[in-house]
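Student: heads up, no residue letters with this:
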């Protein structure tokens, strides 16, 4: 299972990357992409929308299911990856490059509460028998 | 080809044409359509051929082995259908007076009694019209019970992670917060997780037993004790009742409420073949809340019991007596089996599942819970096969279609990677099961020798491998007339 160590993760299978400008980039993990299968649609949050940590804010839909994406941190949406609108399969090809949206976090300390790669790995293992 | 594409102007299907033409004059002009509706104009014979061809393309339990078992649809005995279609049943109006419908009411009363007896509950209401509605009724009664005691602090329903997705959905629909608990390596609910989750906020626990993992919850008595001691109630999801029918009673396990999927365990038509039906059974303490109407027998006469006599009832789930036609079929099925036949269902369902599990194990398939005896179903995991050959559970499922078998349930339960959930049901013979094992064995060999053959399956079906992504992204649902 590919879980890059420089990223942070959530229990609900989002990955989070802190950028130099203080924003965070959010996508879904390799594990989530594998479980969902071939992607067919992506629905983004509106730019400028203020999100609370844990709030449903995007949807990824595959041939098997539609899954909600949750805001990993509180903050304001600054950018969405509209490329995925016509090519959602990019999430399957490289989930860590195919980001969904960027947030300007209200409190960067929230980043420390997120899971590191090792903790996320344990979560995945505990979910699978 | 769609029926519309067979259409030629002027062709008539006489058997479908009206025999009497009535002129209607009282419809306001603005509501009368100016252009005739676009309907296919096809001759009777072409219509017959069209639908016969469609039925031949369909894979059903009437054509071959269907290892989805009671989970999807068991064989529907023809007797149930023909008896439920007696004109006296078909022509009965739901609002007909009780004294002209004693026969129908007697069937409903006896079905209530049979279900009550076989599940060990104190009362049964037949009205919920599908499994999901049965669940909604069950949890609504749990809520009504706590509220009648002014016990408002209970806001949580505990659901194991192996549960059907409808369980947490039902709990949320009834206003509860879902607390998920984990499963141990043997497929049992983790008792420690349960003890931690249970508390003063617990309204109830929803459980399927045998579970979706195809194993019986060994600790059910202890679980029931833990939940009851905390003041919570136990909900039994009847999806897997087929495995224990007539052998173990959910009432004896301590359950307070149960829904019974007649369209699963009691062999009624289901899916594309007919509506569902999910009677609920309750323990003494939930009796005041059961949905109405129910049927009572007094001095040799059957009558409806309504809100007047059950004022705390959670209400009505359907306009009349649920899916009456389905209830009748289930009643006839139960009467054909009798008490004796009822446990033979469970015995043969589990015997067939265990036989198939052992034989597939011998054939080289990896059993997900090898230390456990199967209930009426079991799981194999193709995780290792996928790693070695790239062949997935979905590929194997599609290849089975080529061999003349319907695929088993794939990728459920979610806890087991690359899984096939196999349920033969009690009606299959040893010869059929053996032939299925041969087909599975062939696919396993092909996965190693000709993996592309399996990955691109099916090859012999009327429709080949579908482009799922294209189908989802470019939906094509409406036929439009192309200008000729």
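Tutor: Now that the structure is in, tell me what you want to look at. Bear in mind the structure is a predicted one, so any value in this text is a computation, not a measurement.
Student: Next, the contact list for residue A:42, please.
Tutor: For residue A:42, the contacting residues are A:58, A:59, A:60, A:61, A:84, A:85, A:88, A:91, A:100, by Cβ atoms under 8 Å, 6 or more residues apart in numbering or on different chains. (Each C-beta comes from the backbone N, C-alpha and C, glycine too.)
Student: scratch that, residue B:413 is what I was asking about
Tutor: The contact partners of residue B:413, taken as Cβ under 8 Å, 6+ apart, are B:162, B:212, B:213, B:379, B:419, B:421.
Student: Which pLDDT value goes with the second one?
Tutor: Same thing as residue B:212. Residue B:212 carries a pLDDT value of 91.
Student: helix, strand or coil for it?
Tutor: Using DSSP: H, G, I helix; E, B strand; the rest coil, the three-state assignment for residue B:212 comes out as coil.
Student: from the contacts of residue B:413, which single one is nearest chain A?
Tutor: Taking Cβ to the nearest Cβ as the measure, chain A lies nearest residue B:213 of these, at 8.3 Å.
Student: I'd like to know how far residue B:284 sits from residue B:174.
Tutor: Separation of residue B:284 from residue B:174 (Cβ to Cβ, to the nearest Å): 21 Å.
Student: which of these two has more neighbours?
Tutor: Neighbour tally, residue B:284 and residue B:174, criterion other Cβ atoms under 10 Å in any protein chain shown: the higher count belongs to residue B:174, 20 against 10.
Student: Please look at the more buried one and residue B:141 and confirm they touch.
Tutor: No. Residue B:174 is beyond contact range of residue B:141, at 9.6 Å (criterion: Cβ atoms under 8 Å).
Student: Please identify the longest helix in chain A, counting by residues.
Tutor: helix A:117-127 (DSSP state H).
Student: Which residues are in contact with residue B:405?
Tutor: So residue B:405 contacts B:64, B:65, B:66, B:67, B:436, B:439 (Cβ under 8 Å, 6+ apart).
Student: now do residue B:249
Tutor: B:118, B:119, B:120.
Student: how about a cut-off of 6 Å?
Tutor: Residue B:249 is in contact with B:119, B:120, counting by Cβ atoms under 6 Å, 6 or more residues apart in numbering or on different chains.
Student: and it, that one's in a helix?
Tutor: No. Residue state for residue B:249 (three-state DSSP) corresponds to coil; a helix is not indicated.
Student: so how far is residue A:66 from it?
Tutor: In terms of Cβ to Cβ, residue B:249 sits 39 Å off from residue A:66.
Student: Verify the stated contact: residue B:254 with residue B:223.
Tutor: No. Using Cβ atoms under 6 Å, residue B:254 makes no contact with residue B:223, being 8.1 Å away.
Student: more crowded one of those two?
Tutor: Neighbour comparison, residue B:254 and residue B:223: the larger count goes to residue B:223, with 25 against 18 (by other Cβ under 10 Å).
Student: For residue 23, grab phi and psi.
Tutor: Let's take chain A. phi -90, psi 170 (degrees, to the nearest 10).
Student: Same question for the one 10 residues further on.
Tutor: Geometry field for residue A:33 lists phi and psi as phi -60, psi -40, criterion degrees, to the nearest 10.
Student: Pull the contacting residues for the residue nearest to it when sequence neighbours are not counted.
Tutor: Once flanking residues are discounted, residue A:33 sits nearest to residue A:95: 4.4 Å by Cβ to Cβ, 6 or more residues apart in numbering or on different chains. By Cβ under 6 Å, 6+ apart, residue A:95 lies in contact with A:27, A:28, A:30, A:33.
Student: can you list those in JSON lines and add neighbour count?
Tutor: Listed next are the contacts of residue A:95 as JSON lines, based on neighbours: other Cβ atoms under 10 Å in any protein chain shown:
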{"residue": "A:27", "neighbour count": "26"}
{"residue": "A:28", "neighbour count": "26"}
{"residue": "A:30", "neighbour count": "20"}
{"residue": "A:33", "neighbour count": "22"}
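Student: In strands only, show me these.
Tutor: In strands, defined here by DSSP state E, the members of those are A:27, A:28.
Student: hang on, isn't residue B:317 packed against residue B:126?
Tutor: No. At 9.8 Å, residue B:317 and residue B:126 do not qualify as touching, with contact defined as Cβ under 6 Å.
Student: Please identify which of those two sits among more neighbours.
Tutor: Set residue B:317 next to residue B:126 and count neighbours by other Cβ under 10 Å: residue B:126 wins out with 30 against 21.
Student: So which of the contacts of residue A:42 are in strands?
Tutor: A:58, A:59, A:60, A:61.
Student: now, which of those sits nearest chain B?
Tutor: When the ones in strands among the contacts of residue A:42 are compared against chain B (criterion: Cβ to the nearest Cβ), the nearest one is residue A:61, at 7.6 Å.
Student: residue ranges with poor pLDDT in chain B?
Tutor: B:271-273, B:483-484 (pLDDT under 70).
Student: What helix or strand is residue A:68 located in?
Tutor: Residue A:68 is part of strand A:66-70, with elements assigned from DSSP states H and E.
Student: Can you name every helix or strand that that strand contacts?
Tutor: Packing contacts for strand A:66-70, counted by 3 or more Cβ pairs under 6 Å, 6 or more residues apart in numbering or on different chains; DSSP states H and E, involve strand A:56-62.
Student: any idea how far the strand it packs on is from the chain center?
Tutor: In terms of Cα atoms, centre = their mean, to the nearest Å, the centre of strand A:56-62 is found 10 Å from the chain centre.
Student: What segments of the stretch 301-450 of chain B are helices?
Tutor: B:324-362, B:383-389, B:393-402, B:430-449 (DSSP state H, counting those that start in this stretch).
Student: Chain A now?
Tutor: Going by DSSP H, chain A shows helices at A:30-36, A:83-86, A:90-93, A:110-113, A:117-127.
Student: Pick the most buried one from those.
Tutor: A comparison of those by mean neighbour count, using mean count of other Cβ atoms under 10 Å in any protein chain shown, puts helix A:30-36 on top with a mean of 20.
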